[in-house]
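# no FASTA, just this:
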């Protein structure tokens, strides 16, 4: 039986929302959960801490990290650049089958109104655009970035009017990819990420008031 890399497993749990910010990371419990010894779990936790995905809690031990304002700003600055470049590369390298898949995905989203379902669909769409870039290093960088994005609470789709705006932005991105227009595709992707960042800033400000 092939054992999964414990670091990858923990990152998958974070991205899936099973380990949320503030969750305690106990070696013994995680070792039992993953079916491995404590030593590889300890090493994985050290890696999570080094990556900024875990931090020291109020009590002894590590917890899943909370993102600060500065970290949010830095995260979205990197995300805007990476998503913009990935979308440009997708416009230049996506196959006809990949373009058709992206079109089908955004068209199917028109019928959805559930923010939680659309959040998951959004992740899949952005992942597919990254794959259409046909650049392994870009794909790996965005996969790592998405784990950090999983530390953000809630979803921007709860914001009034965001569902409709995000749908329009996604359709513009896919249209630019379909036309092979790298400049237009990158502009549309950057605009889309910036809109999400502005909503995240409001969400963080409102959370600080409560």
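Cool, got the structure. What you are looking at is a predicted structure, and each value in this text was computed from that prediction instead of being measured. Numbers count the residues shown, from 1 in each chain.

# point out where the chain drops to low pLDDT.
Applying pLDDT under 70 to the chain flags the ranges 1-4, 210.

# residue closest to the middle of it?
By CA atoms, centre = their mean, the mean C-alpha position of the chain lies nearest to residue 146, the distance being 2.7 Å.

# surely it meets residue 15?
Yes. Residue 146 sits in contact with residue 15 when judged by CB atoms under 8 Å, with a separation of 6.4 Å. (Each C-beta comes from the backbone N, C-alpha and C, glycine too.)

# the longest helix seen in the chain packs against which elements?
The helix that spans the most residues within the chain, counting by DSSP state H, is helix 182-209. The elements that helix 182-209 packs onto, with contact taken as 3 or more CB pairs under 8 Å, 6 or more residues apart in numbering; DSSP states H and E, are helix 69-93, helix 162-178.

# domains of the protein?
Per automatic domain parsing, the domain ranges recorded for the chain read 6-64, 69-209.

# next one: the longest one to chain centre, how far?
Think domain 69-209. Relative to its parent chain, domain 69-209 has a centroid offset of 9 Å by CA atoms, centre = their mean, to the nearest Å.

# start to end distance for it?
With CA to CA, to the nearest Å as the measure, the ends of domain 69-209 fall 14 Å from one another.

# could you do the first one as well?
Start to finish, the residues bounding domain 6-64 are 15 Å apart (CA to CA).

# any residues touching the strand or helix carrying the residue nearest to the centre of the chain, and which ones?
When secondary structure is defined using DSSP states H and E, the element that contains residue 146 is helix 136-149. Residues from elsewhere that reach helix 136-149 (CB atoms under 8 Å, 6 or more residues apart in numbering): 11, 14-15, 52-53, 67, 75, 78-79, 82-83, 85-86, 89, 123, 126-127, 130-131, 133.

# swap the cut-off to 6 Å and go again
Helix 136-149 is contacted from outside by 11, 14-15, 75, 79, 82, 86, 130, using CB atoms under 6 Å, 6 or more residues apart in numbering.

# need the max-distance pair from those residues.
The most widely separated members of the contacts of helix 136-149, counting by CB to CB, are 14 and 86 (21.6 Å).

# what's the spacing between residue 130 and residue 14?
Relative to residue 14, residue 130 is positioned 19 Å away (CB to CB, to the nearest Å).
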